[in-house]
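*Asks:* No letters, just coordinates:
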């Protein structure tokens, strides 16, 4: 049966990025996925960085069962209570003036809507983002994505620019002590933007922590300075919290650490806890201006009641169980475990991230920071053999970076188990170098 399955995969599935994990997944529960042949695999990626309440959370299951039998989908111009309730409740979790919500399906779609809104409101068309960014695979989102997928598809949307990423582990601008000089880097980046712009800068689209870019977290103060650069140029600041939003970093939103409030905020992944739900949030002023100019984002699944009901349940669980605090506690446990691994294995070059979004970068040499795709692939494969699913980012000029994002509902024992397996996998892989 397995041979037939993989033959059908080869014959009928479009390959859409990377290789398929060679396991047939039968079901999932909590922090684990289970294969058809009975293997239990600890999921250290929360699915696609989305299942923050784990797999098959009983309250999510009950919400889906109840809502799908009552009201699942509507004409896009019709409204239901779950949609309006979720919009109100999201606004209550956010600082002023973010009080208007548009409910959609995916992160790419929410970024598409945010960029479209920014262009309409400002009357401009140029979008700036980071050179290691990932914002989605639809046109505007893909045009603002620089970590992968740009070659071979023809022209991107006109007026898209990138600035360098403030990577403290691999700094390109340094001060006298050799540390990252992010202010000089940011100034330089915008000097280049100003030189290329035709005077139509609409927005900067950024992740508070660049996940697909290798779990790179800009230093404290960076986003305040970035917001000032935007204000000076009449640009809007759009923050994409697809992976960092809703308690994963220890705050409800990652931007809270920096004391910066974006003009537009996009959410996805974590909002639906694994189900397709996304949101765009902005101020009443921006929404009014967009509406007055004829803002159009009329899609098949905008304001659908079923995913909105799930989003309300997600907020219920996050609030009741104080999962922001839980992410801090488990994140500290995870960090200590990763630091112990680094003390035993010279191939661990850097540990970074916040809360339950952590990055561990592998290098062949800590001094030169030279990377090895082979090492990362071996560790990933050995983790899977030992019962741990890990995701590794491998980009030019960087080492292999493991993105570690367990569910916020994981137990301390599950975090320790994952760390233990990773420790063994690194040791086993190093022996083969």
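*Replies:* Good, I have the coordinates. Because the structure is a prediction, the values reported are computed rather than measured. Residues are numbered from 1 along each chain as shown.

*Asks:* On the pLDDT front, check residue 371 for me.
*Replies:* At residue 371, the pLDDT value in this model is 88.

*Asks:* Could you number the chain from 162 rather than 1 from now on?
*Replies:* Let's use 162 as the start, then, which means that last one is residue 532.

*Asks:* measure it to residue 510 for me?
*Replies:* Relative to residue 510, residue 532 is positioned 8 Å away (CB to CB, to the nearest Å). For the C-beta atoms, the positions are set from N, CA and C on the backbone; glycine is no exception.

*Asks:* Tell me where the stretch 212-361 of the chain has strands.
*Replies:* 259-265, 287-291, 321-324 (DSSP state E, counting those that start in this stretch).

*Asks:* Pick the most deeply packed of those.
*Replies:* Of the strands of the stretch 212-361 of the chain, the one with the most neighbours on average (mean count of other CB atoms under 10 Å) is strand 287-291, at a mean of 26.

*Asks:* Show me where the stretch 362-511 of the chain has its strands.
*Replies:* 362-367, 397-401, 425-428, 439-444, 509-515.

*Asks:* Show me what the third one is packed up against.
*Replies:* It stands for strand 425-428. Applying 3 or more CB pairs under 8 Å, 6 or more residues apart in numbering; DSSP states H and E, we find strand 425-428 packed against helix 268-283, strand 397-401, strand 439-444.

*Asks:* give me the element the residue nearest to residue 167 when sequence neighbours are not counted is part of.
*Replies:* Distance criterion CB to CB, 6 or more residues apart in numbering; nearest residue to residue 167, sequence neighbours excluded, is residue 183 at 7.7 Å. Using DSSP states H and E, residue 183 falls within no helix or strand.

*Asks:* contacting residues for residue 372?
*Replies:* Taking CB atoms under 8 Å, 6 or more residues apart in numbering, we find residue 372 in contact with 210, 295, 404, 405, 518, 564.

*Asks:* From residue 260, how far out is it?
*Replies:* Separation of residue 372 from residue 260 (CB to CB): 27 Å.

*Asks:* now do residue 405
*Replies:* Distance from residue 405 to residue 260, by CB to CB: 21 Å.

*Asks:* next one: residue 391
*Replies:* Distance from residue 391 to residue 260, by CB to CB: 20 Å.

*Asks:* swap in residue 437?
*Replies:* 24 Å.

*Asks:* what's the answer for residue 267, then?
*Replies:* 23 Å.

*Asks:* quick one, helices of the chain?
*Replies:* 163-173, 207-210, 219-229, 242-254, 268-283, 300-304, 343-357, 383-394, 445-453, 466-481, 484-505, 534-547, 573-592 (DSSP state H).

*Asks:* Could you pull out the buried residues of the fifth one?
*Replies:* By neighbour count, with 16 or more other CB atoms under 10 Å as the criterion, the buried positions of helix 268-283 are 268-283.

*Asks:* same thing with the longest one?
*Replies:* By 16+ other CB under 10 Å, the buried positions in helix 484-505 come out as 484-485, 487-489, 491-492, 494-496, 498-499, 502-503.

*Asks:* Need the nearest residue in space to residue 293, chain neighbours excluded.
*Replies:* According to CB to CB, 6+ apart, the nearest residue to residue 293 is residue 374 (3.0 Å).

*Asks:* Counting neighbours, what do you get for that neighbour?
*Replies:* 24 (other CB atoms under 10 Å).

*Asks:* Just the pLDDT at it, thanks.
*Replies:* Reported pLDDT for residue 374: 94.

*Asks:* I'm done for today, thanks for sticking with me.
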